[in-house]
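Asker: got a predicted structure here, sequence first:
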Amino acid sequence: MTKMKLTVIIPTYAPNAERFRLTLKGMATQCLADKEWELIVIDNASPIPVSEDTIRESFSGNFRLFREETPGLSHARHRGIVESTTDLLVFSDDDNVFAPSYLTKALELMSTHPKVGVAGGKSLPKFEAQPPNWYIEGMAPLGCRDLGKDALTLTGEEYATSKLYPEFAPIGAGMIFRKEAVCTWMETVKSGDVPDRKGNSLSSAGDCDMVLHALDAGWSAAYWPDFSLHHLLPETRLTKSYLGAISRAAYRDYIKVLDRHGIRPWNAIAPWTLPLRKSKAWLRNRPWSSPGAFVRWNSAAGNLEGRASLKG
């Protein structure tokens, strides 16, 4: 029997039926032979449990379904890693549609670059409705990016010298990990204080924490444009309020994660100064003037809230 080489892990919480179906359809069209990989779905305590029948309707390959009762994306990813039996792991959200060559490319490139511990590629938006005319791609962290046609790599040695988080670091959508490179992160998840998604909250930065653990352990991080997926974005994620809220959470939690690894570039601020600082940011950004200004104000507020949570 051929030993499987790769595991795809999809954590999910109360998934949208149509987007989840499209995600599974994308997995069903992968060029990589079924015998070489398997799919693990982690139901992270959804109010209505995900069923095997739901998965079988769209995916006929090798899969296993587990329910993780501890809420939080990091706990769901942790469970998926524990249940996996392969050395290579690919993470997908429940609204990502992989290009057919995604897994083949992942296996090929990770095999030829043994020092790369974590990698990612292009995550392209696919809007379910026309974005509002004021929307600009990149104005908020929606798990989408296209960094061009050139491959980018930061070695563990370079990171140890610079201690700067790479701008091209993999994001959660489609990130590829060697199991060996994620070992130290696995231990931190047990502490329960990694800022990350829980239920309907917009807390984030767990991806950054995983990448930093790999870099701290001496592994390289890479961006490879050969990987491509579509991130399905409903109309509800293109409202002013959602974009502001996710920007606020992302900036706040990013600072917390960088602080955990001793590389934050911002100074801590006293919590009692927060109201005045946020008032100044409000006047400076004029959030009432446009949706874009509203998002920028929330980003600034998230930065201040993150800094106010730090010690010294």
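Answerer: Cool, got the structure.
Asker: mind listing the helices for the stretch 201-312 of the chain?
Answerer: Per DSSP state H, counting those that start in this stretch, the stretch 201-312 of the chain carries helices over the ranges 206-216, 240-260, 274-285, 291-308.
Asker: make a markdown table out of those and add mean pLDDT, mean neighbour count and distance to residue 33.
Answerer: From N, CA and C alone the C-beta is placed, and that goes for glycine too. As requested, those are exported to a markdown table (pLDDT from 0 to 100; neighbours: other CB atoms under 10 Å; distance: least, CB to CB, whole Å):
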| stretch | mean pLDDT | mean neighbour count | distance to residue 33 |
| --- | --- | --- | --- |
| helix 206-216 | 93 | 24 | 28 |
| helix 240-260 | 93 | 21 | 37 |
| helix 274-285 | 96 | 14 | 52 |
| helix 291-308 | 96 | 22 | 44 |
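Asker: which one of those helices lies nearest to residue 16?
Answerer: Taking CB to CB as the criterion, helix 240-260 is the member of those that comes nearest to residue 16, at 14.8 Å.
Asker: one step back: same list (the helices of the stretch 201-312 of the chain) but as TSV, adding distance to residue 30.
Answerer: Below are the helices of the stretch 201-312 of the chain laid out as TSV (distance: least, CB to CB, whole Å):
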stretch	distance to residue 30
helix 206-216	22
helix 240-260	29
helix 274-285	44
helix 291-308	36
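Asker: ok, for the residue nearest to the spatial centre of the chain, nearest residue in space, not its chain neighbours?
Answerer: Centroid-nearest residue in the chain, with CA atoms, centre = their mean: residue 172, separated by 2.1 Å. Once flanking residues are discounted, residue 172 sits nearest to residue 207: 4.2 Å by CB to CB, 6 or more residues apart in numbering.
Asker: need the contact list for that neighbour.
Answerer: 170, 171, 172, 175 (CB atoms under 8 Å, 6 or more residues apart in numbering).
Asker: thinking again about what came up before, so the residue nearest to the centre of the chain makes contact with residue 143?
Answerer: Yes. Under the criterion of CB atoms under 8 Å, residue 172 makes contact with residue 143 at 6.5 Å.
Asker: and which of the contacts of residue 207 is nearest to residue 15?
Answerer: residue 172 (15.3 Å).
Asker: helix or strand for that closest one, which one?
Answerer: Under the criterion DSSP states H and E, no helix or strand holds residue 172.
Asker: for it, what are its contacts?
Answerer: Neighbours of residue 172 in contact, by CB under 8 Å, 6+ apart: 73, 91, 93, 143, 206, 207.
Asker: what is the least confident helix or strand in this structure?
Answerer: Least confident helix or strand, the chain: helix 183-189 with a mean of 86, by mean pLDDT, DSSP states H and E.
Asker: and it, what does it pack onto?
Answerer: helix 73-83, helix 206-216 (3 or more CB pairs under 8 Å, 6 or more residues apart in numbering; DSSP states H and E).
Asker: and those: which comes nearest residue 290?
Answerer: Closest among these, using CB to CB: helix 206-216, at 29.0 Å.
Asker: kindly export the closest one (C-alpha atoms) in CSV.
Answerer: C-alpha atoms of helix 206-216 as CSV (Å, rounded to 0.1, in the frame of the first residue of the first chain):
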residue,chain,number,x,y,z
GLY,A,206,-2.7,32.6,14.8
ASP,A,207,-1.2,32.2,11.4
CYS,A,208,1.6,34.6,12.3
ASP,A,209,2.3,32.7,15.5
MET,A,210,2.7,29.5,13.5
VAL,A,211,5.1,31.1,11.0
LEU,A,212,7.2,32.7,13.8
HIS,A,213,7.6,29.4,15.6
ALA,A,214,8.9,27.9,12.4
LEU,A,215,11.3,30.8,11.8
ASP,A,216,12.5,30.7,15.5
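Asker: tell me which strands the lengthiest strand in the chain pairs with, and in which orientation.
Answerer: Across the chain, the longest stretch assigned as strand under DSSP state E is strand 220-233. According to DSSP bridges, strand 220-233 forms sheet pairs with strand 96-98 (antiparallel), strand 116-127 (parallel), strand 152-154 (antiparallel).
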